[in-house]
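A.B. asks: With the sequence up front, the predicted model follows.
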Amino acid sequence: MHDKMLRSVLMAPVRFLDSTPVGRIIQRFSRDIESVDLYLQWSFVSVVSCILQVIVSVFLILALVPKMIFVIVPVLYAYYIIQKNYRIPAREAKRFDSISRSPRYSHFKEALQGPVVIRSYSKENWFIESFLDKLEQSQRMFYSNYMLNRWFSSRIPFLGGIISMATAIGVT
């Protein structure tokens, strides 16, 4: 994946390189590749483990208390609705978070390459304020993404609690 991406960037027309901020390209090569390399493998293992645990749990619950089918089906439907309402905004929030990081990287690169120019025009304060504005925008996008994840994470245990409570009532 990295080699294909590198080849695409190196063979891209000059117009692409002029219109795409350097920070965005750097981020694609750093953070996005890191996500694929590290987190995708861990996520796959977690998903398979979670699916197997859910299947075994539902099977055991239905084997002990067959009437639980009337609770499990609506809870599974509620889970489907919640994840459907979560997935599209989460994808957009993650995209906005990723996009808002690029200006920070570009600004940092400019600060490393041009301190002489910044000092010669006495624009240190302007440059710092500009960076803080970019940082604030990036933090807003990160916070939105984080709060959306917390929203989802607070609802899923609630649905599990409903199944646990109904199972406990059904067993007694």
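C.D. replies: Done, it's in.
A.B. asks: Distance from the longest helix along the chain to the middle of the chain?
C.D. replies: Across the chain, the longest stretch assigned as helix under DSSP state H is helix 124-171. How far helix 124-171 lies from its chain's middle: 10 Å, per C-alpha atoms, centre = their mean, to the nearest Å.
A.B. asks: Which residue comes closest to the residue nearest the centre of the chain once chain neighbours are left out?
C.D. replies: Within the chain, one residue has its C-alpha closest to the average C-alpha position: by C-alpha atoms, centre = their mean, that is Lys94, at 4.6 Å. The spatially closest residue to Lys94, leaving aside those adjacent along the chain, is Asn145, at 5.7 Å (C-beta to C-beta, 6 or more residues apart in numbering). Just so you know, the C-beta spots here come from the backbone N, C-alpha and C atoms, and that holds for glycine as well.
A.B. asks: The one you found: neighbour count?
C.D. replies: Look at Asn145: counted by other C-beta atoms under 10 Å, it has 20 neighbours.
A.B. asks: quick one: the helices in the protein?
C.D. replies: 2-11, 14-19, 22-27, 33-34, 40-64, 69-113, 115-120, 124-171.
A.B. asks: avg pLDDT for stretch 153-168?
C.D. replies: Stretch 153-168 shows a mean pLDDT of 92.
A.B. asks: contacts for the helix-or-strand element of the chain with minimal mean pLDDT?
C.D. replies: Lowest on mean pLDDT, DSSP states H and E among the helices and strands of the chain sits helix 33-34, with a mean of 73. Applying C-beta atoms under 8 Å, 6 or more residues apart in numbering, the contact partners of helix 33-34 are 1-2, 5.
A.B. asks: ok, and the most crowded of these?
C.D. replies: Ranked by neighbour count (other C-beta under 10 Å), the contacts of helix 33-34 have Met5 at the top, with 14 neighbours.
A.B. asks: Next up, the contacts around that one.
C.D. replies: Met5 makes contact with 28-29, 33 under the criterion C-beta under 8 Å, 6+ apart.
A.B. asks: out of the residues you listed, which are buried?
C.D. replies: Neighbour-count burial within the contacts of Met5 applies to Arg28; the criterion is 16 or more other C-beta atoms under 10 Å.
A.B. asks: on that earlier part again, just name the closest of the contacts of helix 33-34 to Arg24, please.
C.D. replies: Met5 (12.5 Å; C-beta to C-beta).
A.B. asks: Distance of that closest one relative to Ser100?
C.D. replies: Between Met5 and Ser100 the computed distance is 21 Å (C-beta to C-beta, to the nearest Å).
A.B. asks: If we go by neighbour counts, what in stretch 84-104 is buried?
C.D. replies: Neighbour-count burial for stretch 84-104 flags 86, 90, 93, 96-104 (criterion: 16+ other C-beta under 10 Å).
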